[in-house]
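[1] Okay, structure incoming, though there's no sequence with it:
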């Protein structure tokens with residue numbers, strides 16, 4: 001179980017062969033790396049599974065390799081194309097690769113991670129792409145407008161469009177997301193070449209942005225994860241949903257950013273406690289910041 005979807009293994013991957021698995025989408029959600037929140041969003045699981053399946057099939061048409069096998073519209077049923085489903089699916093069939101535990105020993109042991117894999121693994125990175133800089137984007141705290149080709153002295157109080165998409169890399173298996181320099185990302189990506197990861201991210205961004213525009217949405221930012229399989233790199237996890245990407249419609253946010261801003265407005269004490277716990281964990285060299293968070 002991840003924080004928002006169940007993960008079922010049908011066939012275990014081995015050192016030299018892919019496995020088979022399923023994502024089962026729930027109505028749960030997560031914000032600020034907290035994990036499963038105490039309430040649900042009705043209909044979220046079916047909506048995101050449908051959206052993710054559609055986007056994977058769109059990537060396939062555009063010759064972008066993925067781990068998607070098909071959508072499943074009844075529990076335990078056979079995977080099929082989304083257009084063949086008779087109901088909104090909640091399950092997605094996928095290829096599986098090896099995912100060793102990333103150990104902590106006065107720092108994360110990426111050498112040990114790669115010692116435990118064979119010819120396939122999930123790349124321990126999230127590859128983030130940005131087309132705009134909305135209010136609330138972490139990019140605002142990590143750079144000035146001029147760093148991204150913008151003619152602003154400071155960040156304005158509205159969404160800013162970037163002249164070209166920006167690609168960034170962050171950690172995948174650490175207790176909280178940590179943005180990396182390109183050199184740091186290259187050092188922990190293993191045999192998966194950083195240029196190819198960036199190329200795939202830009203291809204996905206272009207395809208999702210074009211489709212969003214057709215639907216009347218503005219595609220602001222998003223991310224992909226990737227697998228490595230004996231020299232082949234493919235897009236993994238789920239793509240182009242309201243959990244992975246940020247969209248706008250008629251000047252309104254319609255993605256998970258709505259929930260982030262809700263908590264910042266309605267429960268700022270908890271949000272501040274989360275930020276403080278992350279800083280304290282960094283200072284103390286603690287892997288799991290939740291253990292030092294004094295608010296629920």
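    Received, thanks. If you're wondering where the values come from, they're calculated on a predicted model, not measured in any experiment.
[2] next one: the helix or strand where residue 71 lies to chain centre, how far?
    Using DSSP states H and E, residue 71 sits within strand 68-72. Distance, stretch centre to chain centre, for strand 68-72: 19 Å (C-alpha atoms, centre = their mean, to the nearest Å).
[3] Report the angle between the helix or strand just after it and strand 68-72.
    Downstream of strand 68-72, the next assigned helix or strand under DSSP H and E is strand 91-96. On the basis of axes from the mean of the first three to the mean of the last three C-alpha atoms, to 10 degrees, strand 91-96 is oriented at 160 degrees to strand 68-72.
[4] Tell me where the chain has helices.
    With DSSP state H as the criterion, the chain has helices at 44-61, 110-115, 139-142, 182-188, 194-214, 257-266, 268-284.
[5] Tell me where the chain is predicted with low confidence.
    1-3 (pLDDT under 70).
[6] separation between the spatially closest residue to residue 73 that is not a sequence neighbour and residue 242?
    Distances taken as C-beta to C-beta, 6 or more residues apart in numbering put residue 85 closest to residue 73, at 3.9 Å, once the chain neighbours are dropped. For the C-beta atoms, the positions are set from N, CA and C on the backbone; glycine is no exception. Applying C-beta to C-beta, to the nearest Å, the value for residue 85 to residue 242 is 20 Å.
[7] looking at the helices of the chain, which is buried most?
    Highest mean neighbour count of these: helix 44-61, a mean of 20 (counted as mean count of other C-beta atoms under 10 Å).
[8] dump the residue contacts of residue 261.
    If you count contacts by C-beta atoms under 8 Å, 6 or more residues apart in numbering, residue 261 has them with 136, 253.
[9] I'd like the distance between it and residue 180.
    26 Å.
[10] Over to residue 193?
    Using C-beta to C-beta, residue 193 is found at 15 Å from residue 180.
[11] more neighbours, these two?
    Just comparing residue 193 and residue 180: by other C-beta atoms under 10 Å the higher neighbour count belongs to residue 180, 18 against 13.
[12] Was I right to think that one contacts residue 172?
    No - checked against C-beta atoms under 8 Å, the pair residue 180 and residue 172 is beyond contact range at 10.6 Å.
[13] Quickly list what's touching both of those two.
    Contacts common to residue 180 and residue 172, judged by C-beta under 8 Å, 6+ apart, are residue 125.
[14] what's near enough to touch the residue lying farthest from the centre of the chain?
    Centroid-distance maximum for the chain: residue 153 at 30.6 Å, with C-alpha atoms, centre = their mean. Residues near residue 153 by C-beta under 8 Å, 6+ apart: residue 145.
[15] Quick check: it vs residue 132, distance?
    To residue 132, residue 153 is 19 Å away according to C-beta to C-beta.
[16] Please list all residues in contact with the residue nearest to residue 201 when sequence neighbours are not counted.
    Spatial nearest neighbour of residue 201, excluding adjacent residues (C-beta to C-beta, 6+ apart): residue 127 at 4.3 Å. For residue 127, the contacting residues are 167-169, 197-198, 200-201, 223-226, by C-beta under 8 Å, 6+ apart.
[17] do that again at 6 Å, thanks
    Going by C-beta atoms under 6 Å, 6 or more residues apart in numbering, residue 127 touches 169, 197, 201, 224.
[18] Tabulate the residues you listed (a markdown table), appending distance to residue 253.
    As requested, the contacts of residue 127 are arranged in a markdown table below (distance: C-beta to C-beta, whole Å):
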| residue | distance to residue 253 |
| --- | --- |
| 169 | 24 |
| 197 | 27 |
| 201 | 22 |
| 224 | 21 |
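[19] Closest to residue 149 out of those residues?
    Proximity of those to residue 149 (C-beta to C-beta) peaks at residue 201, which lies at 18.5 Å.
[20] contacting residues for the closest one?
    127, 129, 167, 224.
[21] Would you check which pair of the residues you listed lies furthest apart?
    Greatest spatial distance among the contacts of residue 201 (C-beta to C-beta): 167 and 224, at 10.1 Å.
[22] Surely residue 289 is in contact with residue 279?
    No - with contact defined as C-beta atoms under 6 Å, residue 289 does not reach residue 279; the gap is 8.5 Å.
[23] and stretch 157-167, how far from the chain's centre?
    Relative to its chain's centre, stretch 157-167 lies at 19 Å (C-alpha atoms, centre = their mean).
[24] quick revisit: so for residue 123, which of the helices of the chain sits nearest?
    Judged by C-beta to C-beta, the one of the helices of the chain that comes nearest to residue 123 is helix 194-214, at 6.9 Å.
[25] No more questions from me, cheers.
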